[in-house]
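Engineer: Okay, sequence plus prediction incoming.
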Amino acid sequence: MSASRWLPLVVAWPMFLQNMDTTILATALPSMAHALDVPVLHLNLAITAYLLSLALFLPISGWLAERWGAKRLFCTAIALFTVGSLLCGLSRNLPELVSSRLLQGVGGAMMVPVARLILLHHVKPAEMIRAMVWFTVPGTVARLTGPLIGGGVVTLVSWRWIFVVQLPLGLLGIFLAWRMIPADPAVQDRRPRTSLDAVGFVLLAFGLATVISGLELGGKGLISVTVTAALIGAGVLALWSYQRHSARSKHPLIDLRIFRHFTYRTATVGAIPLRVAIGAAPFLLPLLMQVGFGLSPLQSGFMTFAGAIGSLSSRTTLPWMLRRFGFRSILIAGTVGSSLCYAGYGLFTAATPQALMFGVMLMGGLFNACAMVALNTLGYSDIPREQTSHATTAATMVNQLSVTFGVVVGSSLLALASHVRGGPNAVLQAIDFSWVFFAIGAFTILCVHGFRKLTPEEGAHMR
């Protein structure tokens, strides 16, 4: 097997772990809420805490990779993630679960951007499409098996085992990475070491934490509108301050000049609506199936893995389609198709044939995969090698922040729809999900405006 296949599979193991964790947890949320005696919507703090931790520690991952070595940091990150997962399984209440998820997020924050950095350093541009296709396979397999494993474990044993089962998977990931990833360069051969941009790190951490906290707490009605606005405003001010700081700093934590590259900017900032939707859907669909339609966790798992099947089915033809039609056409088609499928989820009712729901979710996974592989490949097509650590860190931070917003916005819209329909004490019903999915579908289509500005020749040297 060529390096463009085996290396992406090895470094994508964290994507497998993360997607397995997310899909299993989403399927198990109702059972976990019952066991911990908390409202099901409050339990999404466990998801948000993980994503928040990712957002806080992502900015430092590129700097750590340069200082310590990408391979060494990669293995350490998997270890932290695995320990955090084990502690989640041992948690006795919601605060302990949230704390353990924060530790998981520290490991996750360093796994994915460093994985992409390793890939960019060891795969030739002409082989990058094939590499990115293989890079997404482990994550897709996790999304495929996660709902089934989560539903089966919750039904047959206990929700705690959805975390404990990740222990051997994490150990396997560390073994494969240590044996198969090329060794880090000797210290004297690495880029010159620079001191940590502490001011930049504080500004980014504070900004991201306050924005996400404001959305999360405000969306649940746990704080007033005034406090929510104050938190979000303080966070935006901190992020703006970082932008000004990075422009003056000789060695900024993340060099924002990488956003001057048009393809990179389009693939990161321009694709935010799509990534927000991708973050919201895995949280909402299991709730719709279980709370809205009354399916068991196992039945819900069988239904929602349809998206992963659709995603996996695109791998055989996607490289050919990208070479034949180009990145621009695939991105536009994938986004429009994804938008229509998200809106289609809003038309589901308890009377909708399960085969039809399965087919729509399968097509949703297919369109999502086409768009995401194209984005992950095109985004780095014009980035110089010396800026790759900044590019992978910034892109992963934007991606994960978008997913965080997706979970928060999905939960907030769902609570709002329920409140409008039946007041503050209303019980969730299937109709509440319809308006949320319609909104997500409409928001996703906004990506097309930016993708249309790409030229048909964009990324031609990578096709």
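Structural biologist: Yep, that arrived. Residues are numbered from 1 along each chain as shown.
Engineer: The helix or strand harbouring R328 packs against which elements?
Structural biologist: If you go by DSSP states H and E, R328 is part of helix 318-345. The contact analysis (3 or more Cβ pairs under 8 Å, 6 or more residues apart in numbering; DSSP states H and E) places helix 318-345 against helix 128-135, helix 272-287, helix 354-378, helix 430-444, helix 447-451. Backbone N, C-alpha and C define where each C-beta goes, glycine included.
Engineer: Can you show me the CA trace of the last one as PDB?
Structural biologist: Output in PDB follows, covering the C-alpha atoms of helix 447-451 (Å, rounded to 0.1, in the frame of the first residue of the first chain):
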ATOM      1  CA  CYS A 447     -22.000  28.600   1.400                       C
ATOM      2  CA  VAL A 448     -22.800  28.600  -2.300                       C
ATOM      3  CA  HIS A 449     -22.200  32.400  -2.500                       C
ATOM      4  CA  GLY A 450     -18.500  31.900  -1.600                       C
ATOM      5  CA  PHE A 451     -18.000  28.800  -3.600                       C
END
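Engineer: pLDDT on it, on average?
Structural biologist: Confidence for helix 447-451, expressed as mean pLDDT, is 93.
Engineer: Pull out the buried positions in it.
Structural biologist: Judged by neighbour count using 16 or more other Cβ atoms under 10 Å, the buried positions of helix 447-451 are C447, V448, G450, F451.
Engineer: Go through the protein and flag its longest helix.
Structural biologist: In the chain, with assignment by DSSP state H, the single longest helix is helix 388-422.
Engineer: mind checking how far that one is from the chain centre?
Structural biologist: 9 Å (Cα atoms, centre = their mean, to the nearest Å).
Engineer: Give the other helices and strands that that helix contacts.
Structural biologist: helix 45-57, helix 61-68, helix 94-122, helix 198-219, helix 262-268, helix 272-287, helix 430-444.
Engineer: so it versus helix 198-219, what angle?
Structural biologist: 20 degrees (axes from the mean of the first three to the mean of the last three Cα atoms, to 10 degrees).
Engineer: now the angle from helix 388-422 to helix 354-378?
Structural biologist: Going by the same axes, to 10 degrees, helix 388-422 makes 150 degrees with helix 354-378.
Engineer: Quick one: mean pLDDT for helix 388-422?
Structural biologist: For helix 388-422, the mean confidence score works out to 81.
Engineer: Same question for stretch 285-294.
Structural biologist: Average pLDDT, stretch 285-294: 86.
Engineer: Now find how far off-centre it is within its chain.
Structural biologist: Using Cα atoms, centre = their mean, the offset of stretch 285-294 from its chain centre is 22 Å.
Engineer: So which bits of that stretch are buried?
Structural biologist: In stretch 285-294, counting by 16+ other Cβ under 10 Å, buried: L285, P286, L287, L288, M289, Q290, V291, G292, F293.
Engineer: now swap in stretch 251-271 and tell me
Structural biologist: Buried residues in stretch 251-271 (16+ other Cβ under 10 Å): 252-255, 258, 261, 263-264, 266-268, 270-271.
Engineer: May I see the residues you listed organised as TSV, with pLDDT and distance to G423 added?
Structural biologist: Shown next, in TSV, are the buried residues of stretch 251-271 (pLDDT from 0 to 100; distance: Cβ to Cβ, whole Å):
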residue	pLDDT	distance to G423
P252	85	49
L253	83	46
I254	84	45
D255	85	50
I258	88	48
H261	88	50
T263	90	48
Y264	90	47
T266	92	43
A267	90	43
T268	90	40
G270	91	39
A271	92	37
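Engineer: between the helices and strands packed on helix 388-422, which gets nearest to V373?
Structural biologist: helix 262-268 (11.3 Å; Cβ to Cβ).
Engineer: Which strands or helices does the closest one pack on?
Structural biologist: helix 354-378, helix 388-422.
Engineer: In JSON lines: these, plus mean neighbour count.
Structural biologist: Output for these, formatted as JSON lines (neighbours: other Cβ atoms under 10 Å):
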{"stretch": "helix 354-378", "mean neighbour count": "22"}
{"stretch": "helix 388-422", "mean neighbour count": "22"}
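Engineer: re the thing from before, farthest pair in the buried residues of helix 447-451?
Structural biologist: V448 and G450 (7.5 Å).
Engineer: Is it possible to get the helices and strands packed on helix 262-268 out as CSV so that each row also shows distance to R67?
Structural biologist: CSV is the format used below for the helices and strands packed on helix 262-268 (distance: least, Cβ to Cβ, whole Å):
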stretch, distance to R67
helix 354-378, 26
helix 388-422, 11
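Engineer: For L169, find the nearest of these.
Structural biologist: It's helix 388-422; of these, that one is closest to L169 (Cβ to Cβ) at 20.6 Å.
Engineer: and the angle from the closest one to helix 94-122?
Structural biologist: Using the same axes, to 10 degrees: helix 388-422 against helix 94-122 is 140 degrees.
Engineer: quick one: helix 388-422 to helix 272-287, angle?
Structural biologist: Using the same axes, to 10 degrees: helix 388-422 against helix 272-287 is 50 degrees.
Engineer: could you give the angle of helix 388-422 to helix 61-68?
Structural biologist: 150 degrees.
Engineer: Nearest to L148, out of the helices and strands packed on helix 388-422?
Structural biologist: The minimum distance between L148 and these falls on helix 272-287, with 12.1 Å, by Cβ to Cβ.
Engineer: Which strands or helices does that closest one pack on?
Structural biologist: helix 13-36, helix 297-304, helix 318-345, helix 354-378, helix 388-422, helix 430-444, helix 447-451.
Engineer: which stretch among those helices comes nearest K71?
Structural biologist: helix 13-36 (13.1 Å).
Engineer: Which positions in the closest one come out as buried?
Structural biologist: Those would be 13-33, 36, for helix 13-36 by 16+ other Cβ under 10 Å.
Engineer: Any idea how many residues pack against T210?
Structural biologist: Per other Cβ atoms under 10 Å, the neighbour tally for T210 reads 20.
Engineer: okay but it is in contact with G235, surely?
Structural biologist: Yes - the criterion here is Cβ atoms under 8 Å, and T210 meets it with G235 at 3.5 Å.
Engineer: rewinding a little: just so I know, which of the helices and strands packed on helix 272-287 lies nearest P125?
Structural biologist: Across the helices and strands packed on helix 272-287, closest to P125 is helix 354-378 (Cβ to Cβ), at 9.7 Å.
Engineer: quick one: that closest one to helix 297-304, angle?
Structural biologist: Computed by the same axes, to 10 degrees, the angle separating helix 354-378 from helix 297-304 equals 60 degrees.
Engineer: and helix 354-378, how far from the chain's centre?
Structural biologist: 15 Å.
Engineer: Counting by contacts, list what it packs against.
Structural biologist: On a contact count with 3+ Cβ pairs under 8 Å, 6+ apart, helix 354-378 meets helix 128-135, helix 262-268, helix 272-287, helix 297-304, helix 306-313, helix 318-345.
Engineer: Make JSON lines from these and add distance to W161 to it.
Structural biologist: Putting those into JSON lines (distance: least, Cβ to Cβ, whole Å) gives the following:
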{"stretch": "helix 128-135", "distance to W161": "29"}
{"stretch": "helix 262-268", "distance to W161": "37"}
{"stretch": "helix 272-287", "distance to W161": "17"}
{"stretch": "helix 297-304", "distance to W161": "13"}
{"stretch": "helix 306-313", "distance to W161": "21"}
{"stretch": "helix 318-345", "distance to W161": "29"}
